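[1] got a sequence here, can you model it:
(one chain, ligands or ions: 1)
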Amino acid sequence: MTNSEPISAGMGSGPVAVVPAERGAEARARAVARQLDVAVQRDNHQTASVILYVGHDDLWLQRADVAQASPVRVDFASPRLQHRRRSGHNELLGRAVGVKAGESPRVVDATAGLGRDAYVLGDLGCEVTLVERSPVLALLLAHALERARISSVESVRAAAARMCLRQADSCSLAVPQGVVIYLDPMFSQRRGSAAAKKDLSVLQALHSATDNEDSQLFEWAMAQPARRVVVKRPSKAPPLQQRQPSHAIMGKAIRFDVYAR
Ligand SMILES: C[S@@+](CC[C@H](N)C(=O)[O-])C[C@H]1O[C@@H](n2cnc3c(N)ncnc32)[C@H](O)[C@@H]1O
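    Residues are numbered from 1 along each chain as shown. Okay, here's the model as predicted:
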């Protein structure tokens, strides 16, 4: 679980169409589409609910079935993440995984998504393995990590150097002894900023939910030799599987349930 691994192709990417974003980007779009095992489309992408736009040096997702949908990118140097860094919003997550002065645990983020929380953890000094099962999201994360490693912002380079990516179903992995497992399963009752809702809308469109998957993820995490399992929950939701955590770190809209082992 230590090295970045190549994105696997041919996994099937659900309702996604790949579209070249600009002139001259067709060859790159074709390569991306082959990697994801989906078709390149020009105009006729009504069947897809999410479009992956491929530019010369850019990749972004956009809902195809929502009028005036905004683009969703993974960019660790974005003003939004840098604001989150400065405004101290990261403190709760850091406390939940056990960041202390001089101590930053190794974390397996088993639901990496758009990598926002993983970046925060990397920025707080944790070595983070991002695990994401969606091939499209893993592609965006890999692209963002490549860019972050050569960013002009020193803190972004430093955080990226602590992050590595794996495209897999977390439940198929065995994690090393003593890591912290972080789970942020998909949940629909999420409140928050317009930007957070836009991100979630794309994640939900990409997602093909199966029954009990949050429970399966939680059971897998609790069976690993981790030192703690941290679960992000909406502040008023019951704990996963009604299992009371050792303690919880409360925020306004969300909380982190901490299961110490
Ligand atoms: C709510 S999002 C996580 C958002 C993330 N914390 C962030 O900051 O961007 C949940 C993500 O977990 C992924 N996921 C769900 N179950 C998974 C599993 N068993 N293995 C790997 N990824 C999984 C989904 O594909 C989705 O991208």
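
[2] surely His247 and Arg255 touch.
    No - checked against CB atoms under 8 Å, the pair His247 and Arg255 is beyond contact range at 10.3 Å. Where you see a C-beta, it was placed from the backbone N, CA and C, and this is true even at glycine.

[3] of the two, give the one with the bigger neighbour count.
    A direct count of neighbours by other CB atoms under 10 Å for His247 and Arg255 places Arg255 higher, at 21 against 12.

[4] assign a three-state SS to the more buried one, would you?
    The assignment at Arg255 comes out as strand when based on DSSP: H, G, I helix; E, B strand; the rest coil.

[5] count of residues packed around the residue in the stretch 101-250 of the chain that the ligand sits nearest to?
    Nearest residue of the stretch 101-250 of the chain to the ligand (CB to the nearest ligand atom) works out as Gly113 at 2.5 Å. By other CB under 10 Å, 24 other residues sit near Gly113.

[6] now do the strands in the stretch 51-200 of the chain.
    59-63, 107-109, 128-132, 163-167, 180-183 (DSSP state E, counting those that start in this stretch).

[7] what's the second one in contact with?
    When contacts are taken as CB atoms under 8 Å, 6 or more residues apart in numbering, the neighbours of strand 107-109 outside the stretch itself are 1, 97, 117-118, 121, 126-131, 170, 173, 175, 179-182, 184, 226.

[8] which of those residues are buried?
    97, 117-118, 121, 126-131, 170, 175, 179-182, 184, 226 (16 or more other CB atoms under 10 Å).

[9] out of the residues you listed, who's near the ligand?
    Filtering the buried ones among the contacts of strand 107-109 for proximity to the ligand (criterion: CB under 6 Å from any ligand atom) leaves Asp117, Val131, Ser170, Asp184.

[10] reformat the residues you listed as CSV; add distance to Glu103 and pLDDT.
    Output for these, formatted as CSV (distance: CB to CB, whole Å; pLDDT from 0 to 100):
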residue, distance to Glu103, pLDDT
Asp117, 19, 95
Val131, 23, 98
Ser170, 24, 97
Asp184, 22, 95
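
[11] can you list the residues of the stretch 1-150 of the chain near the ligand?
    So the stretch 1-150 of the chain meets the ligand at Ala110, Thr111, Gly113, Leu114, Gly115, Arg116, Asp117, Val131, Glu132, Arg133, Ser134, Leu137 (CB under 6 Å from any ligand atom).

[12] how many neighbours does Arg106 have?
    20.

[13] same check on the one 3 residues further on?
    In terms of burial, Asp109 registers 29 neighbours under the definition other CB under 10 Å.

[14] mind listing the residues bridging to it?
    Beta-bridge pairing of Asp109 under DSSP bridges involves Leu130, Tyr182.

[15] from Val40, how far out is it?
    Taking CB to CB, to the nearest Å as the measure, Asp109 falls 31 Å from Val40.

[16] and the ones next to the ligand among the buried ones among the contacts of strand 107-109, which two are the farthest apart?
    Greatest spatial distance among those (CB to CB): Asp117 and Ser170, at 14.3 Å.

[17] pLDDT below threshold where in this protein?
    1-14, 42-46, 88-89, 187-193, 208-211 (pLDDT under 70).

[18] so what are the domain limits for it?
    Per the record, the chain has its domains at 16-63, 79-260, by automatic domain parsing.

[19] is it true that Asp75 touches Glu146?
    No - using CB under 8 Å, Asp75 makes no contact with Glu146, being 11.7 Å away.

[20] who has more neighbours, the two?
    Asp75 (20 against 11).

[21] how about the contacts made by the more buried one?
    Leu81, Ala144, Arg147.
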